[in-house]
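Asks: predicted model and sequence below, questions to follow.
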Amino acid sequence: MLVSPMLVIGLAAAADLLMPHWQFNRLLGAAPALAAAMWPVAGTLAIGLLALLTAIALSTAHHQLGHTPSVFTLLAILAITLAAAYASRVRQHRERVLAAVRTVADTAQQVLRPPIPRQLGCVDVEVLYQAAAAHARIGGDFYEARRTEYGVRMIIGDVRGNGLPAVEAASVMLTSFRVHVRNAPDLPYLAGRLETSMREYCEEVPGDDVLERFITVLLVEIPAGEPIARLVNCGHPAPLLLHEGDVREVEPSAPSPPINMAALLGDHYQVDTVPFTVGDRLLLYTDGVSESRDFTGTFYPLAQRVRRWVSAGPRQLLDHLHHDVLAYVSGSRDDDLAALVAHRVGPGDRRHRRRP
């Protein structure tokens with residue numbers, strides 16, 4: 001509260017007048033110290049001056065002005081005021097720097113993860129993202145969805161590690177996906193192009209951890225004319241299929257290598273096909289969701305929790321999931337959190353549905 005420094009002065013003055021032997025006037029120095037946390041430099045100095053004048057008035061009222069304790073109290077308030085003014089100046093400088101950093105982060109967010117259209121042909125899409133770092137807007141989890149002649153194609157991925165290297169690797173993946181998604185004849189070809197892009201990036205930006213730079217990716221294709229969804233899972237957590245009131249994990253029938261691991265594990269990408277009719281939903285997510293832990297170290301029971309919200313709409317499902325994960329986790333999270341819901345709709349559904 002901006003008025004709290006003045007409230008401190010008022011309470012200290014009243015207490016000192018009522019109980020002069022307790023010397024509550026010494027608490028007046030707390031006012032400028034408190035003002036430094038919320039007021040600009042000029043305001044902090046004004047609060048300090050007010051505290052100093054109040055201390056002089058109290059000393060005069062008690063006939064102690066000029067006595068050693070009174071002089072010491074006045075000098076202490078003056079010193080605290082000057083220190084508080086300097087602290088206020090430092091705080092304001094840091095706030096300006098933080099505001100500039102947030103502006104850059106917001107711009108990078110728009111480039112790296114621009115808003116996905118809610119309606120892509122026969123599919124409605126809703127997304128959720130939260131970086132692990134406090135006040136961060138971007139991280140190593142990423143997603144994208146595009147409409148192509150082959151249907152709606154989506155990607156969700158998680159870069160190993162964190163920080164700026166993870167953000168840069170995520171940008172490489174998203175750029176490659178956007179370049180090749182429309183012309184790739186199938187998902188294995190698209191996965192191969194992602195592998196090539198990441199390998200070339202690692203060659204251009206060498207380092208001791210090149211072999212450890214890998215990315216788990218899930219690719220999804222939902223053709224408009226077929227009630228199915230095709231998936232290529234490159235080491236990513238298995239998505240959840242919400243079909244006719246049931247929730248099940250869509251595990252890959254055969255493993256596909258994470259991106260940048262084809263040289264070690266081979267470049268075979270397995271395509272799995274699942275029924276995906278009108279009303280069905282696919283929940284894609286990163287391990288920031290599935291590997292969240294409570295205070296006992298137990299993983300978040302994602303499938304079990306999602307069954308509670310099986311009848312919720314895509315946006316409501318993600319909102320429930322977000323709040324539930326935050327409530328489940330003990331302490332602060334140490335991983336990014338990203339999720340995407342793809343909901344297949346029919347032509348009649350879109351005509352009568354209202355968007356929030």
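Replies: Cool, the structure landed.
Asks: when you work out contacts or count neighbours from here on, use the C-alpha atoms and nothing else.
Replies: OK.
Asks: phi first, then psi, for residue 245.
Replies: Main-chain torsions, residue 245, degrees, to the nearest 10: phi 80, psi 0.
Asks: ignore what I typed, I meant residue 235.
Replies: Per-residue torsions, residue 235: phi 70, psi 10 (degrees, to the nearest 10).
Asks: quick one: contacts for it?
Replies: Residue 235 makes contact with 216-218, 255-258, according to Cα atoms under 8 Å, 6 or more residues apart in numbering.
Asks: out of those, which is nearest to residue 125?
Replies: residue 218 (15.6 Å; Cα to Cα).
Asks: ok, for that closest one, nearest residue in space, not its chain neighbours?
Replies: Spatial nearest neighbour of residue 218, excluding adjacent residues (Cα to Cα, 6 or more residues apart in numbering): residue 233 at 4.6 Å.
Asks: how many neighbouring residues does that neighbour have?
Replies: 29 (other Cα atoms under 10 Å).
Asks: before we move on, back to that, which of the contacts of residue 235 tops the neighbour count?
Replies: Among these, residue 217 has more neighbours than the rest - 28 neighbours, counting by other Cα under 10 Å.
Asks: distance check, it against residue 320.
Replies: When distance is defined by Cα to Cα, to the nearest Å, residue 217 is 24 Å away from residue 320.
Asks: next secondary structure element downstream of the longest helix along the chain?
Replies: Counting by DSSP state H, the longest helix found in the chain is helix 68-112. As assigned by DSSP states H and E, the chain's next helix or strand after helix 68-112 is strand 119-120.
Asks: contact partners of that following strand?
Replies: 125, 146-147, 152.
Asks: what mean pLDDT does that strand get?
Replies: Across strand 119-120, the average pLDDT comes to 94.
Asks: again with stretch 258-269
Replies: Across stretch 258-269, the average pLDDT comes to 91.
Asks: next: stretch 102-112.
Replies: Summarised as a single mean, pLDDT over stretch 102-112 is 65.
Asks: ditto for stretch 222-237
Replies: Across stretch 222-237, pLDDT averages out at 96.
Asks: can you give me the end-to-end span of it?
Replies: Stretch 222-237 has an end-to-end distance of 19 Å (criterion: Cα to Cα).
Asks: would you mark the buried spots in that stretch?
Replies: 222-224, 228-237 (16 or more other Cα atoms under 10 Å).
Asks: taking these, tell me the two that lie furthest apart.
Replies: Taking Cα to Cα, no two of the buried residues of stretch 222-237 sit farther apart than 224 and 235, at 26.6 Å.
Asks: all set now, cheers.
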